[in-house]
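[1] only geometry, no sequence info:
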């Protein structure tokens, strides 16, 4: 089964719930990046999950949008 890749744009308070659902309830899903205009928020989530963080959607898509 091919994995479904998710990148979260916006790392405010609801992001925690999105991460939980993707990691624990969606079989075959993986998180591949986080993006937020407040880079520190994206980096905090990225560090926890072990994926890159980005300041812009364009930068994220250029790097991981395969």
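    Ah, there it is. The model shown is predicted, which means the values in this text are computed figures rather than measured ones.

[2] Provide the secondary structure category for residue 6.
    Secondary structure, DSSP: H, G, I helix; E, B strand; the rest coil: residue 6 is strand.

[3] OK, contacts around it?
    22, 29, 30, 31, 32 (CB atoms under 8 Å, 6 or more residues apart in numbering). Every residue, glycine included, has its C-beta placed from N, CA and C.

[4] tell me the bridge partners for it.
    Using DSSP bridges, the beta-bridge partners of residue 6 come out as residue 31.

[5] re the thing from before, just the buried members of the contacts of residue 6?
    Listed as buried from the contacts of residue 6 are 22, 31, 32; burial here means 16 or more other CB atoms under 10 Å.

[6] any idea where the helices of the chain begin and end?
    15-25, 39-49, 57-64 (DSSP state H).

[7] next, the buried residues of the shortest one.
    Counting neighbours by 16+ other CB under 10 Å, one finds that the buried residues in helix 57-64 are residue 60.

[8] and what of stretch 6-18?
    6, 7, 8, 10, 11, 15.

[9] report pLDDT for the second one.
    Per-residue confidence at residue 7 stands at 96 (pLDDT).

[10] which residues touch the residue nearest to it when sequence neighbours are not counted?
    Leaving out its chain neighbours, the residue that sits closest to residue 7 by CB to CB, 6 or more residues apart in numbering is residue 33, at 4.2 Å. Applying CB under 8 Å, 6+ apart to residue 33 gives the contacts 7, 8, 46, 51, 52, 53, 54, 60, 63, 64.

[11] hmm, try it at 6 Å
    7, 51, 52, 60, 64 (CB atoms under 6 Å, 6 or more residues apart in numbering).

[12] burial count for the residue lying closest to residue 59 once chain neighbours are set aside?
    The shortest distance from residue 59 to any non-neighbouring residue, by CB to CB, 6+ apart, is to residue 35 (7.9 Å). Residues near residue 35, counting by other CB atoms under 10 Å, number 25.

[13] so what pairs up with residue 35 in the strands?
    According to DSSP bridges, beta-bridge pairing links residue 35 with residue 9, residue 54.
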